[in-house]
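Trainee: Next input, structure requested:
(one chain, ligands or ions: 2)
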Amino acid sequence: MGMEVFKFGGASVKDADAVKNVAQILAMYGENNLIVVVSAMGKTTNALERIAMACWNGDTQLFRNEVNELEQFHLTIMNDLFDASNEMIYNQVKNEFRLLSLKIEQPRSDNFDFEYDQIVSLGEIISTRIIAAYLNQQQLLAVWEDARRLIRTDNTYREGSVDWQKTDALIKERMLPHFEKNRIVVTQGFLGHTAEGFTTTLGREGSDYTAGILAFISDADDVTIWKDVPGMLNADPKWFDNTIKLDKISFKEAIELSYYGASVIHPKTVKPLQNKGIPLYVKSFLNPSEEGTVIQESPDFDHLVPSFIFKMDQLLISVMPKDFSFIVEKSLSSIFNTLDKLGVKINVMQNSALSFSLLVDRKKVDLEKVIAVFSDDFKVKYNEDLELVTIRHYDQATIDRVTVGKEIILEQKTRETVRIVMKDQSLS
Ligand SMILES: Nc1ncnc2c1ncn2[C@@H]1O[C@H](COP(=O)(O)OP(=O)(O)O)[C@@H](O)[C@H]1O
Ligand SMILES: N[C@@H](CC(=O)OP(=O)(O)O)C(=O)O
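Mentor: Ligands and ions are numbered 1, 2, ... in the order given. The predicted structure follows:
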């Protein structure tokens, strides 16, 4: 019997109707074994981030308010899905919230990222409990499995790096045998564990990656990521009208688009699938019988229309050596080492003889810390309120269109991709 991996993200399980819709989709796929990877419901992860921060700051009032609100959100969904007599699911979810409430009274380590993962991971635990219970109520026999015993990572909390060998052994030993008696296994995206058994997460929006890992190890026939859009489009429809669906694209093109920031797929997801030639479908959970996008190996697919990826609120930081040295291998090596230690993620970089510039998401970087760390050896300058547009398969007409009214700060071109850092002229 074949094996498929389905991934349902936060938007596809944001309320009771959405959960019912997921069950209907699963009922449509009666034949195959299904690994169902689920994210936290709606915006739960954002709420848990606030809870983790309140806990860290010892802000009991805020912590309790946020926990109560989140519990109420889940209870409202459950009241629409289950009979009050279904004690088991109510007890399971209440118990997770009871354990969460106790965290404010418990001693904390001095590692925020560790504490963050122990709290933020609960969103996926609760959502999968609810979904597995609902599927069973609908006679879609499903078994719940804990990804915290499947995905082994290193100890990099908030961005665990997967130990593929150990994970392979754990999945084969603990997950695949479920299919001897069950057709559906429901598990959490985004979660992992360290060798010592502590919970890790794979980085925000990392549930797509979990689907890629599970498909690779279980040799799945294909993966389907169910989204609130008809497929992978040539731009984010939240910002662009008249988007075009990319019906078929190659693994390489999908990797490039997600790497540059097309947030419909987490950038780490596609590589494991490419390595085993497992097709990835991006489909709409709102119109499940429509075709969506297929991503697979083919040199013929990519006669593409221009695709746009916008990143707003960008910060350009430039560092210039204070001594007489140029920006050469030695200084670059020390700059990268420092940036790696600071956990800075670079969107674009460029250097000249006397300066090295990096573009980052303003909200993801502690500018004061960066300045403090570099200022012994470098003069540091920065430019805020910038936008980054990446255009794959560009032509001059598209470049002209997106740069109207903008001052161009930096431009990088390859044969297929142009990246432009720009500032709204009204802000210059
Ligand atoms: N190129 C693109 N094609 C389609 N959707 C895109 C693209 N770039 C960004 N998106 C956004 O990705 C969203 C879906 O991803 P996401 O919100 O992470 O879903 P989920 O959390 O439910 O998995 C869409 O609503 C859309 O706004
Ligand atoms: N819930 C996590 C993981 C995830 O991937 O979620 P989603 O599939 O909703 O993007 C997050 O919000 O980061």
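Trainee: how about stretch 380-400, does it get close to ligand 1?
Mentor: No - Stretch 380-400 stays clear of ligand 1 (CB under 6 Å from any ligand atom), getting no nearer than 10.3 Å. Quick note: C-beta positions are derived from backbone N, CA and C, even for glycine.
Trainee: secondary structure element for Val418?
Mentor: Element membership for Val418, per DSSP states H and E: strand 417-424.
Trainee: Please disregard the earlier target; I meant Asp113.
Mentor: helix 112-120.
Trainee: hmm, who's touching that helix?
Mentor: 45, 48-49, 51-52, 55-56, 100, 103, 108-109, 157-158, 198-201 (CB atoms under 8 Å, 6 or more residues apart in numbering).
Trainee: same question, stretch 71-86
Mentor: 15-17, 19-20, 41-42, 44, 47, 89-90, 93-94, 97, 126, 130, 133-134, 137.
Trainee: Pull up the distance across stretch 260-279, start to finish.
Mentor: 21 Å (CA to CA, to the nearest Å).
Trainee: tally of neighbours for Glu407?
Mentor: 14 (other CB atoms under 10 Å).
Trainee: tell me which strands and helices the helix or strand it falls within is in contact with?
Mentor: Glu407 belongs to strand 406-413 when assigned by DSSP H and E. Under the contact definition 3 or more CB pairs under 8 Å, 6 or more residues apart in numbering; DSSP states H and E, strand 406-413 sits against strand 348-351, strand 378-392, strand 417-424.
Trainee: Let me have it in CSV, keeping just the CA atoms, if that works.
Mentor: Extracted as CSV, the C-alpha positions of strand 406-413 are listed here (Å, rounded to 0.1, in the frame of the first residue of the first chain):
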residue,chain,number,x,y,z
LYS,A,406,11.7,54.1,-5.0
GLU,A,407,15.3,55.1,-4.5
ILE,A,408,17.5,52.1,-5.3
ILE,A,409,20.1,51.5,-2.6
LEU,A,410,21.6,48.3,-3.9
GLU,A,411,21.0,46.0,-6.8
GLN,A,412,22.3,42.5,-7.5
LYS,A,413,21.7,40.6,-10.8
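Trainee: How far does the longest helix along the chain sit from its chain's centre?
Mentor: Counting by DSSP state H, the longest helix found in the chain is helix 60-81. From the chain centre to the centre of helix 60-81 is a distance of 24 Å (CA atoms, centre = their mean, to the nearest Å).
Trainee: Do any residues in that helix lie close to ligand 2?
Mentor: No - with CB under 6 Å from any ligand atom as the criterion, ligand 2 is not reached by helix 60-81; the gap is at least 13.1 Å.
Trainee: The stretch 51-200 of the chain: strands as residue ranges?
Mentor: 142-144, 184-188, 191-193, 199-201 (DSSP state E, counting those that start in this stretch).
Trainee: Between these, which one is closest to ligand 1.
Mentor: Judged by CB to the nearest ligand atom, the one of the strands of the stretch 51-200 of the chain that comes nearest to ligand 1 is strand 184-188, at 13.4 Å.
Trainee: Return the list of strands paired to the closest one, each annotated with direction.
Mentor: Under the criterion DSSP bridges, strand 184-188 sits next to strand 33-38 (parallel), strand 142-144 (parallel) in its sheet.
Trainee: Mind listing residues that contact the last one?
Mentor: The set of residues external to strand 142-144 that reach it, using CB under 8 Å, 6+ apart, is 36, 128-129, 131-132, 135-136, 178, 182-187.
Trainee: Now the two most distant members of these.
Mentor: Arg129 and Arg183 (19.0 Å; CB to CB).
Trainee: Compare those two (neighbour count), which wins?
Mentor: Set Arg129 next to Arg183 and count neighbours by other CB under 10 Å: Arg129 wins out with 22 against 18.
Trainee: The more buried one contacts Glu96, doesn't it?
Mentor: Yes - the pair Arg129 / Glu96 is scored as a contact, 7.4 Å apart, by CB atoms under 8 Å.
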